[in-house]
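Asker: how does the following fold in three dimensions:
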Amino acid sequence: MADQELDVRGLNCPLPILKTKKALNTMASGQTLRVLATDPSSRLDFKAFAAQSGNQLLEATETDGVFSFLVKKA
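Answerer: Reported below is the predicted structural model:
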């Protein structure tokens with residue numbers, strides 16, 4: 001279970017990442033954020049974002065065209 005959830009379904013790159021970054025900035029280190037997205041490129045975007053930002057991508061799944069990402073703040 002995530003500490004917060006962010007719904008960015010219907011938004012295209014780069015908005016899901018920008019909104020995720022903004023949400024993570026309000027969170028404490030170690031907290032988790034669940035992000036729901038529909039942009040097909042978000043899978044690669046979130047992997048790259050985690051690598052560049054130092055945050056940890058704990059989970060990346062897809063169900064019926066909705067991508068779910070669990071990100072742990074560094």
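
Asker: could you pull out the strands for this structure?
Answerer: Taking DSSP state E, the strands of the chain run over residues 4-7, 32-37, 56-63, 66-72.

Asker: now the first one: buried residues?
Answerer: This means strand 4-7. Within strand 4-7, the residues that qualify as buried are residue 6, counting by 16 or more other CB atoms under 10 Å. C-beta: built from backbone N, CA, C; applies to glycine.

Asker: check contacts around residue 65.
Answerer: Taking CB atoms under 8 Å, 6 or more residues apart in numbering, we find residue 65 in contact with residue 38.

Asker: state the pLDDT value of it.
Answerer: Per-residue confidence at residue 65 stands at 96 (pLDDT).

Asker: what of residue 38?
Answerer: Confidence per residue is given as pLDDT, and for residue 38 that number is 98.

Asker: wait, it sits on residue 63?
Answerer: No. In this structure residue 38 lies outside contact range of residue 63 using CB atoms under 8 Å: 11.2 Å.

Asker: more neighbours: which of those two?
Answerer: It is residue 38, of residue 38 and residue 63, that has more neighbours when counted by other CB atoms under 10 Å, with 17 against 8.

Asker: what's the closest non-adjacent residue to the more buried one?
Answerer: Taking CB to CB, 6 or more residues apart in numbering, and ignoring the residues beside it in sequence, residue 38 has residue 9 as its nearest neighbour in space, at 4.6 Å.

Asker: what sits in contact with each of residue 38 and residue 63?
Answerer: The contact lists of residue 38 and residue 63 share no entry, where a contact means CB under 8 Å, 6+ apart.

Asker: burial check on the residue lying closest to residue 19 once chain neighbours are set aside, number of neighbours?
Answerer: Leaving aside its chain neighbours, residue 19 sits nearest to residue 8 (5.4 Å; criterion: CB to CB, 6+ apart). Residues near residue 8, counting by other CB under 10 Å, number 21.

Asker: can you check the one 5 residues further on too?
Answerer: For residue 13, the tally of surrounding residues (other CB under 10 Å) stands at 14.

Asker: and it, what is it in contact with?
Answerer: Residue 13 makes contact with 39, 41-42, 45, according to CB under 8 Å, 6+ apart.

Asker: run the last query once more with 7 Å
Answerer: Residue 13 makes contacts with 39, 41, 45, as judged by CB atoms under 7 Å, 6 or more residues apart in numbering.
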